[in-house]
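Undergrad: Dropping the sequence and predicted coords here.
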Amino acid sequence: MAKVKGFKALRYNHNKISDISEVIAPPYDVINKHQQELLYSMHENNIIKVDLNKTEGDIKYDEAGEIFSSWIENQVLVEEDKESIYPYHQKFTFKNKEYERLGIVALVKLSDFDEKIVLPHEETFSGPKADRLKLMNSCKTNISPIFGVYDNSEDTVEKLVGQFIKKNDPIIEAKSLDGITNKIWKISDNKTISKISSFFDSKEILIADGHHRYETSLNYSKANRSDKTSYVMFYLTGAIQDGLLINPTHRILNDVSSSKEITKLVIENFKTVSWSGDMNEDSLQPNEFFYIDKKNNSTLKCTINDNELERFYSMSVYAVQEKIIDSFKETYSSVGHFKSLEDAKSSINSESIGLILPKFVPSDIMKVVLNNDKMPQKSTYFYPKVATGLLFNKLY
């Protein structure tokens, strides 16, 4: 099963960068133009200049590679002298409640998806993979870890890591733009690393975030075969913990031409009740969703019919995709995807239809994956994201 090992991380030199908070960034694919400009202005060595360089055209990849190489040459970035596994702790607030999440950063051996060791749960697209491959060819480094989830019902890794971080100080502390506290420790003890590695010998790893980067790493490895390129940097965290939030991505159909017909067929295809209360994703079961048609003054709480639960894995995101988004694709101009419930609700108008979806649990997603299936694109939003810029993995 999964082969996990330590590595000599490349990381920012504390003698050159006094506050690591100024040089980290969110993952490239959640950064908007305003955030990109803000990160550019924070520090001359902010990782945004490599991971999401703003120069136009393909020259940006060459520029990103040159910048990254110069940071290594000038010891802005320095490589560890011992292979290590890096505990990674995040503390954050979501909906006025405090959470903590613990994981590790390590290397995972690349494998094709049909081997069922590393498991995808969402579809990927060629554009982002081409973008990430160009960047990887320029930098020859894993710039950010892929976010993986594993079954931690045995609690083995958490105990080993928990004991270590209680007795040792972190080597990195940084605060993200959204106020999340990130702490990294370093485990260099071969005995502890061996215990952690052995634990994963019987485990599969579910990709939570980073499908495009994983497939890019596979393609890069096949074109540049070596021991280094056969592994990729992962952040691994246990599925059973309060701090693993799997939020939905809500959908809005824009410029709808036949909302009355869609509403009629939704009522025929789902169990529905008129809804006048608060539309809160936390109150929804996995097989439910809210449907909002302002033009016809119709707000419904919808539930998948019993005879279709198995076909849709008891998850409304599948039913919504097939019975609404795909079935009526000729009647609207585009689909908007919203990670924020408030942003989604405020964006619904008389010419659109809103689809508010429920949260997910890891076991439901695993059912899909183990059935050789994938979820619709932009279904899940694992929160919080893992910061880019804390650790890097050289591929040479």
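TA: Thanks, I have the structure now.
Undergrad: only C-alpha atoms for contact and neighbour calcs from this point on.
TA: Noted.
Undergrad: Let me see the contact set for residue 132.
TA: Residues near residue 132 by C-alpha atoms under 8 Å, 6 or more residues apart in numbering: 212, 213, 216.
Undergrad: what's next to stretch 219-236, contact-wise?
TA: With C-alpha under 8 Å, 6+ apart as the test, stretch 219-236 has contacts from 103-110, 133, 136-137, 142, 144-150, 214, 217-218, 386, 392-396.
Undergrad: can you rerun that using 6 Å?
TA: Stretch 219-236 is contacted by residues 103-110, 145-149, 395 when judged by C-alpha atoms under 6 Å, 6 or more residues apart in numbering.
Undergrad: what does stretch 380-390 give?
TA: By C-alpha under 6 Å, 6+ apart, stretch 380-390 touches 24, 25, 26, 27, 47, 144, 245, 246, 247, 248, 249.
Undergrad: so which of the residues you listed comes closest to residue 256?
TA: residue 249 (19.7 Å; C-alpha to C-alpha).
Undergrad: Quick one: residues contacting that closest one.
TA: Here residue 249 is in contact with 338, 339, 379, 380 (C-alpha under 6 Å, 6+ apart).
Undergrad: Using a markdown table, lay out the contacts of stretch 219-236 together with pLDDT, distance to residue 263 and secondary structure.
TA: Shown next, in a markdown table, are these (pLDDT from 0 to 100; distance: C-alpha to C-alpha, whole Å; DSSP: H, G, I helix; E, B strand; the rest coil):
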| residue | pLDDT | distance to residue 263 | secondary structure |
| --- | --- | --- | --- |
| 103 | 98 | 44 | strand |
| 104 | 98 | 46 | strand |
| 105 | 98 | 47 | strand |
| 106 | 98 | 49 | strand |
| 107 | 98 | 49 | strand |
| 108 | 98 | 47 | strand |
| 109 | 98 | 48 | strand |
| 110 | 98 | 46 | coil |
| 145 | 98 | 42 | coil |
| 146 | 98 | 40 | strand |
| 147 | 97 | 38 | strand |
| 148 | 97 | 38 | strand |
| 149 | 95 | 38 | strand |
| 395 | 98 | 53 | coil |
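Undergrad: quick revisit: format the contacts of residue 132 as JSON lines; extra columns: distance to residue 294.
TA: Putting the contacts of residue 132 into JSON lines (distance: C-alpha to C-alpha, whole Å) gives the following:
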{"residue": "212", "distance to residue 294": "36"}
{"residue": "213", "distance to residue 294": "39"}
{"residue": "216", "distance to residue 294": "42"}
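Undergrad: ok so, going back, from the contacts of stretch 380-390, which ones fall inside helices?
TA: Nothing among these maps onto helices, per DSSP state H.
Undergrad: Pull the most distant pair out of the residues you listed.
TA: 47 and 248 (28.0 Å).
Undergrad: So between those two, which is more surrounded?
TA: Neighbours of residue 47 and residue 248, each counted by other C-alpha atoms under 10 Å, are more numerous for residue 47; the result is 26 against 23.
Undergrad: Leaving out sequence neighbours, find the closest residue to residue 164.
TA: residue 187 (7.9 Å; C-alpha to C-alpha, 6 or more residues apart in numbering).
Undergrad: how many neighbours does that neighbour have?
TA: Neighbours of residue 187 using other C-alpha under 10 Å come to 20.
Undergrad: Pick the one among the contacts of residue 132 closest to residue 9.
TA: Distance to residue 9 across the contacts of residue 132 (C-alpha to C-alpha) is lowest for residue 213, with 18.3 Å.
Undergrad: Give the burial count for that closest one, as a bare number.
TA: Around residue 213 there are 24 residues (other C-alpha under 10 Å).
Undergrad: any idea how far it is from residue 49?
TA: The gap separating residue 213 from residue 49 is 18 Å, by C-alpha to C-alpha, to the nearest Å.
Undergrad: try residue 92
TA: 26 Å.
Undergrad: Compare those two and say which is more crowded by neighbours.
TA: residue 49 (22 against 19).
Undergrad: in what helix or strand does that one lie?
TA: helix 48-51 (DSSP states H and E).
Undergrad: One more: residue 173?
TA: Assigned by DSSP H and E, residue 173 falls within strand 172-175.
Undergrad: Tell me which other helices or strands the helix or strand following that strand touches.
TA: As assigned by DSSP H and E, the chain's next helix or strand after strand 172-175 is strand 181-184. If contacts are counted by 3 or more C-alpha pairs under 6 Å, 6 or more residues apart in numbering; DSSP states H and E, strand 181-184 sits against strand 86-94, strand 172-175.
Undergrad: Can I get those strands in a markdown table including distance to residue 235 and mean pLDDT?
TA: Shown next, in a markdown table, are these (distance: least, C-alpha to C-alpha, whole Å; pLDDT from 0 to 100):
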| stretch | distance to residue 235 | mean pLDDT |
| --- | --- | --- |
| strand 86-94 | 8 | 97 |
| strand 172-175 | 15 | 98 |
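Undergrad: List just the one of these that sits closest to residue 299.
TA: Closest approach to residue 299 among those (C-alpha to C-alpha): strand 86-94, 26.6 Å.
Undergrad: correct me, but the residue nearest to residue 164 touches residue 82?
TA: No. Using C-alpha atoms under 6 Å, residue 187 is not in contact with residue 82; the gap is 9.6 Å.
Undergrad: low-scoring pLDDT stretches of the stretch 1-150 of the chain, where are they?
TA: Applying pLDDT under 70 to the stretch 1-150 of the chain picks out no residues at all.
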